[in-house]
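Asker: turn this into a structure:
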Amino acid sequence: MEEKMGRRERKKMLSRQAILDAAVVVFSKKGFREASIADIMNGADLGTGTFYNYFQSKEELLVHLLGRLVAEVNTTVKDLQAEGRSACEILSVACMITAKFLDENRYVMPLFLAAADHSGLPEDAEARKSVPTPGFKPLFKRILKEGQENGEVRKDVPAELITEMFHSIYQATAFSKLDISFQENVAMKMRLLLDGIKVQPTE
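Answerer: Next up is the predicted model:
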C-alpha cells in the first residue's frame, strides 16, 4: 500500500513539474494573457481538466513560477549576509538577479507589478484574494531594515517607502522608451537610488 502511495505521489510530482515546465514554454511563446490552460496542458501532454488538480488558475501557476526566483534571491541574500556584505551590496545583487529574470521571462512582469497595483490578477475581488503575491517586497524591506539597524541605510526615510521605490524601478523600466537594455536601465536607476539611501561617512 505504501509503495502504491509512493508511486502515486511521484506521478503527481512529475505531472505538476510537467505543467510548470510547459507553462514556461507557452508563456514565453504566447505571453501570459494569450496563453490558455489548454495550450499549457497540451504542452505537458496531460488532459486539460487535470490542470485543476494542481492549480486554481493561470495566475496561481505564474505565482509558483515566480516563486523560483524568490527562492533564488533568498538563497543569494543569505550567502551574502554570511559573508558579511553590506545591505547596499546585497540590495544591488538582489536587484540585478531580479532584473535578469524579468528580462528573460517577460511574461511574469504583470504579476510582479501586481504586487503593487494588482494588474494582471483576476478582476473578481474574491478571486484576487486567493492569489498570493510574490515575496519580493518583504525580502527587500527586511534587507533595508537590517541596513538601517546597522547604520548603513538612512533612517530618516521609512524602509517601506524605499522598498516601494525599488519595486517601482522595474515598473518604470518596463515602460521606458530609452534606447538602452532592460538590465542596464535597471542598473542605472538602482545606483541612483542606492546613492541616495546610503549613510554618508562623516569627516
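
Asker: out of everything not next to it in sequence, what's closest to residue 69?
Answerer: The shortest distance from residue 69 to any non-neighbouring residue, by C-beta to C-beta, 6 or more residues apart in numbering, is to residue 101 (4.7 Å). C-betas here are computed from N, CA, C, even on glycine.

Asker: let me see the contact set for the one you found.
Answerer: Residue 101 is in contact with 69, 72, 108, counting by C-beta atoms under 8 Å, 6 or more residues apart in numbering.

Asker: among those residues, the buried ones, what's the ChimeraX command?
Answerer: Selection of buried members from the contacts of residue 101 for ChimeraX, criterion 16 or more other C-beta atoms under 10 Å:
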select :69,108
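
Asker: what about the residue lying closest to residue 159 once chain neighbours are set aside, which helix or strand?
Answerer: For residue 159, ignoring the flanking residues on the chain, the nearest one in space by C-beta to C-beta, 6+ apart is residue 144 at 4.1 Å. Element membership for residue 144, per DSSP states H and E: helix 136-149.

Asker: list the contacts of the very next helix or strand once past that helix.
Answerer: Counting by DSSP H and E, the next helix or strand C-terminal to helix 136-149 is helix 159-174. Contacts with helix 159-174, where a contact means C-beta under 8 Å, 6+ apart, come from 91, 95, 98-99, 102, 109, 112-113, 115-116, 136-137, 140-141, 144-145, 148, 153, 182, 185-186, 189-190, 193, 197.

Asker: buried set for helix 159-174?
Answerer: In helix 159-174, counting by 16+ other C-beta under 10 Å, buried: 159, 162-163, 166-167, 169-170, 173-174.

Asker: cool, and stretch 196-203?
Answerer: residue 197.

Asker: any idea of the mean pLDDT for that stretch?
Answerer: Across stretch 196-203, pLDDT averages out at 78.

Asker: ditto for stretch 6-20
Answerer: 87.

Asker: I would like the residues contacting it, please.
Answerer: With C-beta under 8 Å, 6+ apart as the criterion, stretch 6-20 contacts 40-41, 44-46, 50-51, 53-55, 61, 64-65.

Asker: pull it out as PDB, backbone CA atoms only.
Answerer: The C-alpha trace of stretch 6-20 is given here as PDB (Å, rounded to 0.1, in the frame of the first residue of the first chain):
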ATOM      1  CA  GLY A   6       4.700   6.400  -3.100                       C
ATOM      2  CA  ARG A   7       4.300   5.800  -6.900                       C
ATOM      3  CA  ARG A   8       1.100   7.900  -6.900                       C
ATOM      4  CA  GLU A   9       2.900  10.800  -5.200                       C
ATOM      5  CA  ARG A  10       5.800  10.600  -7.600                       C
ATOM      6  CA  LYS A  11       3.400  10.600 -10.500                       C
ATOM      7  CA  LYS A  12       1.700  13.700  -9.100                       C
ATOM      8  CA  MET A  13       5.000  15.400  -8.600                       C
ATOM      9  CA  LEU A  14       6.100  14.600 -12.200                       C
ATOM     10  CA  SER A  15       2.800  15.800 -13.600                       C
ATOM     11  CA  ARG A  16       3.000  19.100 -11.600                       C
ATOM     12  CA  GLN A  17       6.500  19.600 -12.900                       C
ATOM     13  CA  ALA A  18       5.500  18.900 -16.400                       C
ATOM     14  CA  ILE A  19       2.800  21.600 -16.100                       C
ATOM     15  CA  LEU A  20       5.200  24.100 -14.800                       C
END
